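Undergrad: missing the sequence, but the structure's below:
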């Protein structure tokens, strides 16, 4: 017997109803939520059209935080943007198993640029949200600041920061962080006053209020140094740990300067610093290369000019100078031209992925190397990423976690 279209439609509706009843009766909301929280973002977004209740769930703040918590521990993606302004996403979750990375996937960025006069830079990421600056290609003047979640494709232009009468600044730093006390994302704009070298101007943007506020001037100068967070390279502008952003910098007193780790508490909107006397006593003359977070501890990479080695020091107990401990060393024989290297990520089994330049004068001529400090080997040039262009900017790599976090938190 040949069934009519109406009969087929009725049977399909009955089948879906039975599935819905089974899901409601036999699978609790808690179990469903727990299962879905472990599903990758790309697959979850496909589910939005499959079920109305799932669509609602994916917008629920509790579920978004649960999903983020499940995936942030395996922060296993990074973005690469090259000299043509194209952005590629790469997963490195198999780094510890193979020297061949997953295929790079081009990501469509919704930020509109004037093709002949504007460029962009990524200042870093926080919980899947990227902080992007658009600037004039010829004058380096900042045109606007944007927030973008590549996973949800949400994008937002921030309102202009507060202006001051004089604009004679030699350094401009932006950073994005999360304030858990108010469930708010904040952007810090830090400007170093060239005419008054012991004072820096700081403004803070709140995503919830969609507004900027100026806090007191501070006696710090922040380095434009590179950083590693949660075992991963995360841009050049601040490392977030337990609601506090950290930079390498200097404290300016009346008569002198001293190297410090400058910190900003997002809940209190206050600056403080951590001294580095313990490391200075042990290491002597070093180049302070990278600041980061690894295994939930503050860490710093140092280049030793005397023996041409790179050391990783970790602060085992936060705020205690005596707790700085050397974790491992990378030899110059393994990584050439160390002054031009950037650490991208550290895998769970403590292998280090490094981006380095061959020092031929071409800032776009970079390569990847995988180093194993425990066994003392390094693979240079063997890291293959299908679909990735050969030329990309030296600092054009930012790690991030794919998330459902929204950038529309305005109250």
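TA: Alright, I've got the coordinates. Remember, predicted model here, so these are calculated numbers, not experimental data.

Undergrad: mind listing the strands for the stretch 251-400 of the chain?
TA: 257-265, 270-275, 286-294, 297-304, 309-315, 324-331, 341-346, 352-357, 366-372, 377-380, 397-400 (DSSP state E, counting those that start in this stretch).

Undergrad: The second one packs against which elements?
TA: If you count contacts as 3 or more Cβ pairs under 8 Å, 6 or more residues apart in numbering; DSSP states H and E, strand 270-275 packs onto strand 244-252, strand 257-265. Heads up, the C-betas are built off the backbone N, CA and C, glycines and all.

Undergrad: Distance check, residue 116 against residue 135.
TA: Here residue 116 is placed at a distance of 14 Å from residue 135 (Cβ to Cβ, to the nearest Å).

Undergrad: More neighbours: which of the two?
TA: Taking neighbours as other Cβ atoms under 10 Å, residue 116 and residue 135 compare with residue 135 leading, 19 against 7.

Undergrad: correct me, but that one touches residue 143?
TA: Yes. Counting by Cβ atoms under 8 Å, residue 135 touches residue 143, with 6.0 Å between them.

Undergrad: which neighbours do the two share?
TA: residue 118 (Cβ atoms under 8 Å, 6 or more residues apart in numbering).

Undergrad: before we move on, back to that, mind putting the helices and strands packed on strand 270-275 in a markdown table, distance to residue 37, mean neighbour count and mean pLDDT included?
TA: Below are the helices and strands packed on strand 270-275 laid out as a markdown table (distance: least, Cβ to Cβ, whole Å; neighbours: other Cβ atoms under 10 Å; pLDDT from 0 to 100):
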| stretch | distance to residue 37 | mean neighbour count | mean pLDDT |
| --- | --- | --- | --- |
| strand 244-252 | 27 | 21 | 83 |
| strand 257-265 | 30 | 19 | 84 |
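
Undergrad: Please render those strands as a markdown table that adds distance to residue 343 to the earlier fields.
TA: A markdown table is the format used below for the helices and strands packed on strand 270-275 (distance: least, Cβ to Cβ, whole Å):
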| stretch | distance to residue 343 |
| --- | --- |
| strand 244-252 | 14 |
| strand 257-265 | 17 |
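
Undergrad: got the domain boundaries for the protein?
TA: 5-68, 73-400 (automatic domain parsing).

Undergrad: Please name the bridge partners of the nearest residue to residue 207 once chain neighbours are set aside.
TA: Spatial nearest neighbour of residue 207, excluding adjacent residues (Cβ to Cβ, 6 or more residues apart in numbering): residue 185 at 4.3 Å. When bridges are called by DSSP bridges, residue 185 pairs up with residue 178.

Undergrad: how much space between residue 185 and residue 275?
TA: Distance, residue 185 to residue 275, by Cβ to Cβ: 30 Å.

Undergrad: So these two - more neighbours on which side?
TA: residue 185 (23 against 13).

Undergrad: close enough to count as contact, that one and residue 176?
TA: Yes. Judged on Cβ under 8 Å, residue 185 makes contact with residue 176 at a distance of 6.6 Å.

Undergrad: overlap in contacts of the two?
TA: By Cβ under 8 Å, 6+ apart, the residues touching both residue 185 and residue 176 are 126, 129, 147.

Undergrad: Next, format the residues you listed as JSON lines and append pLDDT, neighbour count and distance to residue 205.
TA: Listed next are the shared contacts of residue 185 and residue 176 as JSON lines, based on pLDDT from 0 to 100; neighbours: other Cβ atoms under 10 Å; distance: Cβ to Cβ, whole Å:
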{"residue": "126", "pLDDT": "92", "neighbour count": "25", "distance to residue 205": "13"}
{"residue": "129", "pLDDT": "94", "neighbour count": "25", "distance to residue 205": "13"}
{"residue": "147", "pLDDT": "94", "neighbour count": "21", "distance to residue 205": "10"}
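
Undergrad: okay, and for the stretch 51-200 of the chain, where does confidence drop off?
TA: 74-76, 81-85, 92-102, 139-140, 162-171, 193-199 (pLDDT under 70).

Undergrad: Going along the chain, name the helices of it.
TA: Here the stretch 51-200 of the chain has its helices, by DSSP state H, counting those that start in this stretch, at 52-57, 61-72.

Undergrad: Give me the residues contacting the first one.
TA: Outside of helix 52-57, the residues that reach it under the criterion Cβ under 8 Å, 6+ apart are 32, 33, 36, 47, 48, 49, 63.

Undergrad: next one: the last one
TA: Contacts to helix 61-72, defined as Cβ under 8 Å, 6+ apart, come from residues 33, 36-38, 40-41, 44, 57-58, 127-128, 183, 230, 401-406.

Undergrad: Only the buried residues of that helix, if you could.
TA: 63, 64, 65, 66, 67, 68, 71 (16 or more other Cβ atoms under 10 Å).

Undergrad: now the fourth one: how far from residue 154?
TA: Read that as residue 66. 19 Å.

Undergrad: ok, back up a step: which two among the contacts of helix 52-57 are spaced furthest apart?
TA: The distance between the two most remote of the contacts of helix 52-57 (Cβ to Cβ) is 18.9 Å, for 33 and 49.

Undergrad: Who has more neighbours out of those two?
TA: Set residue 33 next to residue 49 and count neighbours by other Cβ under 10 Å: residue 33 wins out with 15 against 9.

Undergrad: If we ignore the residues flanking it in sequence, what's nearest that one?
TA: residue 63 (6.1 Å).

Undergrad: Which among the helices and strands packed on strand 270-275 is found nearest to residue 387?
TA: Comparing the helices and strands packed on strand 270-275 by Cβ to Cβ, strand 244-252 comes nearest, at 33.5 Å.
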